[in-house]
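when you get a sec, could you give me coordinates for this:
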Amino acid sequence: MQRRLDRIRSKNFDLLVVGGGIYGACAAWEAASRGLSVALVEKADFGHASSANHLKMVHGGIRYIQHVDIPRIRESCRERSALLRIAPHLVEPLPIIIPTYGHGMKGKEILGVGMALFDLVTFDRNRGINDPSRKIPRGSFLSAAEVAKIVPGISKEGLTGAAVFHDGQIYNPPRLALSFIRSAVEAGAEVANYAELKKVIVEGGSVVGAEIVDSLNTQSFRINCKSMLLTTGGWTQQLLKNATGLPLKRGPAYSRDLAFVVNRPLVKKYGFACPLKTKDADAKIDRGGRHLFVAPWRGQTLVGVWHGIFNKTPDEVATSEEELRGYLAEVNAAQPSFNLSFDDISMVLTGLTLFGEENHQGDGKMSFGKRSMLIDNAKEQRIQNLVSLIGVRATTARGMAEQAIDLIFRKLDQQKHLSVSCYTRIFGGNFDSIDQLLSTLRTTQNSSITEEICYALARNYGSEYQRVLNYGETDKSLLQPIGLSSVIGAEVVHAIREEMAMTLSDVVFRRTDLGTNRVINAKQIAWCGKLMAQELGWDEKRLSEEIALVEAHINRRGYIY
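Residues are numbered from 1 along each chain as shown. Next comes the predicted model:
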């Protein structure tokens, strides 16, 4: 996987995918796996925006029981099952508890009925999943005493226990997008990051190409294509206006969704859901406020999600320290035993997602985005063979990509090849059991590879971990951890040579676990930067600039201004 713009310029593609987040990554793999010639371009780095900055959950759809929305439950369950099948290194089940109180709407009886219905509607949730540890069990219940052990300090007044359901959790969202992209490359796709769409070239009312600017040297070039798919999320309206002069007549509303990472474990093994004051305006069955999720993640804790209508440009997505302190106060009010302070926050995760109706905000209720938008731009912009896909959740990216490519086949008037992405394992997923993979990794490596490093290699690279370790065969120092982290130097070299890492931020925040490690320090960043400088020929000025960008991002915890 190398950045070869000359090869992209020299071909005429069936499809150009614009946007390298999880939706674009899935679309590129979907199209390439079905026989289309595909190019994918991303104006920054793959998976750098909303696709990396979310709660890392793969939702099975249990919340939609309250909406009595059976189609959406089926969609969510189908896509959760698909990810558990095709990305076993990056997606795993996570048990979540919902405390129960009394015997009314928040009691076990009502929840029991809801979970029984959910189990019935999702009867095929484990189809094709052979590893028992990856199967989604039926809903169950815990006693009040068991809940108190899991969430110390939980309010015991009226506590009767908890309902338990399972969703999926993503170990590393940027690497999930990258695995889909690498699968697309293996199937023949050409891809490039730091390549920005500037103009959609139209002849005879139909897409024939695109003007692209190489963001690394500001040079422009043309890509010839028969069709184009925009998977640019919150940037879609702005991009259509700038690249075609024809924005959507009624642009969708977006929410700035926000979560954050706490630098210590608040819960272990189980995720924990507790109600907030904000209500879901579309719930047919009202059990009180929406739930705040607290989930264990790589030795730390994920907390979220908060929603709010966002009316600025997508490049201005951020949160202020004042807002963040308000969210902290809300968490502490919901669960005082957590006793969180501002310094406990190691990273802020915020991105744009489709929203519902604005007119519900202000009365304590919000109408949240329901489904992704698949737009045939021929109907509104009068540009043939141009399609836009604006996604809601990472969960449904593969399924929506399948629908988008179905539409592209119809546009191109080509015989449609059946989709195989629902069952075909993506890059790194060629193994049956994560425990067996770990066992093999441990027994074939020398003592310098610690248990922690083995686990991180297995989870990030899956069956392809040996590609990373090969770089240590000639230089044993590359097998040593970078500081106190679980990241080894070979990962940095591998990211540059095989994963198109072009900047230090690409390596720290999206190719390795360094940027999400709570003990990362200036020495580790400098060591990683020096290794990149040797590989890419950076001078001292460029190296200093790269280090400064990484340190600034860490100091503001991601998206605080």
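
all contacts plus neighbour counts: C-alpha atoms, from now on.
Will do.

show me what secondary structure element comes after the helix or strand harbouring residue 183.
Counting by DSSP states H and E, the element that carries residue 183 is helix 173-186. Using DSSP H and E, the helix or strand that follows helix 173-186 in sequence is strand 190-192.

mind checking the end-to-end distance for stretch 37-57?
32 Å (CA to CA, to the nearest Å).

I meant stretch 119-126, not that one.
End-to-end for stretch 119-126, by CA to CA: 11 Å.

buried residues in that stretch?
119, 121, 122, 125, 126 (16 or more other CA atoms under 10 Å).

verify the stated contact: the third one with residue 74.
Yes: in terms of CA atoms under 8 Å, residue 122 counts as a neighbour of residue 74; the distance is 6.6 Å.

domain ranges for this structure?
Domains of the chain are assigned by automatic domain parsing as 5-50+174-251+371-412, 90-169+253-366, 434-555.

run the chain-centre distance for the first one.
Spelled out, that is domain 5-50+174-251+371-412. Relative to its chain's centre, domain 5-50+174-251+371-412 lies at 18 Å (CA atoms, centre = their mean, to the nearest Å).

helices along the stretch 151-300 of the chain, start to end?
173-186, 236-244 (DSSP state H, counting those that start in this stretch).

average pLDDT for the shortest one?
If you average the pLDDT over helix 236-244, you get 94.

and the contacts of that helix?
Residues from elsewhere that reach helix 236-244, judged by CA atoms under 8 Å, 6 or more residues apart in numbering: 197, 198, 199, 200, 230, 246, 247, 248, 251, 388, 390.

same thing but at 6 Å, please
198, 199, 200, 246, 247 (CA atoms under 6 Å, 6 or more residues apart in numbering).

also stretch 257-272?
In contact with stretch 257-272 (CA under 6 Å, 6+ apart) are residues 95-97, 293-296, 299-307, 344-351.

hang on, the earlier thing: of the helices of the stretch 151-300 of the chain, which is nearest residue 408?
Nearest of these to residue 408, taken as CA to CA: helix 173-186 at 16.6 Å.

if you average pLDDT over that closest one, what comes out?
Here the average pLDDT along helix 173-186 is 98.

and if you look at stretch 111-131?
Stretch 111-131 comes out at a mean pLDDT of 94.

and the helices in the stretch 1-150 of the chain?
Under DSSP H, counting those that start in this stretch, the stretch 1-150 of the chain gives helices at 5-9, 22-33, 70-86, 108-121, 144-150.

right, and the ones you listed - which one's nearest residue 532?
Here helix 5-9 is closest among those (CA to CA), at 21.1 Å.

any chance you could map the strands in the stretch 351-500 of the chain?
365-366, 373-376, 386-390 (DSSP state E, counting those that start in this stretch).

got it, and the stretch 201-350 of the chain?
Taking DSSP E, counting those that start in this stretch as the criterion, the stretch 201-350 of the chain carries its strands at 206-214, 220-225, 228-230, 254-262, 271-275, 279-280, 291-297, 300-306, 309-310, 345-354.

by mean pLDDT, show me the worst of those strands.
Across the strands of the stretch 201-350 of the chain, strand 279-280 gives the lowest mean pLDDT, at a mean of 51.

re earlier: for the contacts of helix 236-244, which one is nearest residue 537?
Nearest to residue 537 among the contacts of helix 236-244: residue 198, at 29.1 Å, using CA to CA.

what is the least confident helix or strand in this protein?
Scoring the helices and strands of the chain by mean pLDDT, DSSP states H and E places strand 365-366 at the bottom, with a mean of 46.

closest to residue 534 out of the helices of the stretch 1-150 of the chain?
Ranking the helices of the stretch 1-150 of the chain by their distance to residue 534 (criterion: CA to CA) puts helix 5-9 first, at 22.7 Å.

in the closest one, what counts as buried?
Here helix 5-9 shows 5, 8 as buried, counting by 16+ other CA under 10 Å.

and for it, what's in contact with it?
Contacts for helix 5-9 (CA under 6 Å, 6+ apart): residue 223.

low pLDDT regions in the protein?
Residue ranges of the chain with pLDDT under 70: 276-290, 356-370, 446-447, 517-519, 561.

before we move on, back to that, buried sites along the helix holding residue 183?
Neighbour-count burial for helix 173-186 flags 173-186 (criterion: 16+ other CA under 10 Å).

what angle do helix 70-86 and it make with each other?
70 degrees (axes from the mean of the first three to the mean of the last three CA atoms, to 10 degrees).

and helix 173-186, what does it pack against?
Helices and strands touching helix 173-186, by 3 or more CA pairs under 6 Å, 6 or more residues apart in numbering; DSSP states H and E, are helix 22-33.

what's the helix it packs on in contact with?
51, 177, 180, 181, 184, 187, 231, 397, 398, 401.

and the furthest pair within those?
51 and 187 (22.7 Å).

more neighbours: which of those two?
residue 51 (23 against 20; other CA atoms under 10 Å).

roughly how far does the more buried one sit from residue 173?
Distance of residue 51 to residue 173, computed by CA to CA: 7 Å.

ok, now residue 512?
Distance from residue 512 to residue 173, by CA to CA: 11 Å.

could you do residue 506 as well?
13 Å.

still on that earlier bit, the contacts of helix 236-244 into TSV, with extra columns for distance to residue 453?
Shown next, in TSV, are these (distance: CA to CA, whole Å):
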residue	distance to residue 453
198	42
199	45
200	45
246	50
247	48
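
closest to residue 328 out of the residues you listed?
For the contacts of helix 236-244, the nearest to residue 328 is residue 247 (37.9 Å; CA to CA).

quick check: nearest residue in space to that closest one, chain neighbours excluded?
Sequence neighbours aside, residue 241 is the residue nearest to residue 247 in space, at 4.3 Å (criterion: CA to CA, 6 or more residues apart in numbering).

export stretch 493-508 as PDB, just CAs?
In PDB, the C-alpha atoms belonging to stretch 493-508 read as follows (Å, rounded to 0.1, in the frame of the first residue of the first chain):
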ATOM      1  CA  VAL A 493       8.700   1.500   9.800                       C
ATOM      2  CA  HIS A 494       5.900  -0.800   8.700                       C
ATOM      3  CA  ALA A 495       3.400   2.200   8.800                       C
ATOM      4  CA  ILE A 496       5.700   4.200   6.500                       C
ATOM      5  CA  ARG A 497       6.600   1.500   4.000                       C
ATOM      6  CA  GLU A 498       3.300  -0.500   3.800                       C
ATOM      7  CA  GLU A 499       0.500   1.800   5.200                       C
ATOM      8  CA  MET A 500       1.100   5.200   3.600                       C
ATOM      9  CA  ALA A 501       1.900   7.100   6.700                       C
ATOM     10  CA  MET A 502       3.100  10.500   5.500                       C
ATOM     11  CA  THR A 503       3.200  12.500   8.800                       C
ATOM     12  CA  LEU A 504       4.200  11.900  12.400                       C
ATOM     13  CA  SER A 505       0.500  12.400  13.400                       C
ATOM     14  CA  ASP A 506      -0.400   9.500  11.000                       C
ATOM     15  CA  VAL A 507       1.800   7.200  12.900                       C
ATOM     16  CA  VAL A 508       1.100   8.400  16.500                       C
END
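
how about it: buried residues?
Residues of stretch 493-508 classed as buried by neighbour count (16+ other CA under 10 Å): 493-497, 499-508.

rewinding a little: which residues are in contact with each of residue 512 and residue 173?
By CA under 6 Å, 6+ apart, residue 512 and residue 173 have no common neighbours.
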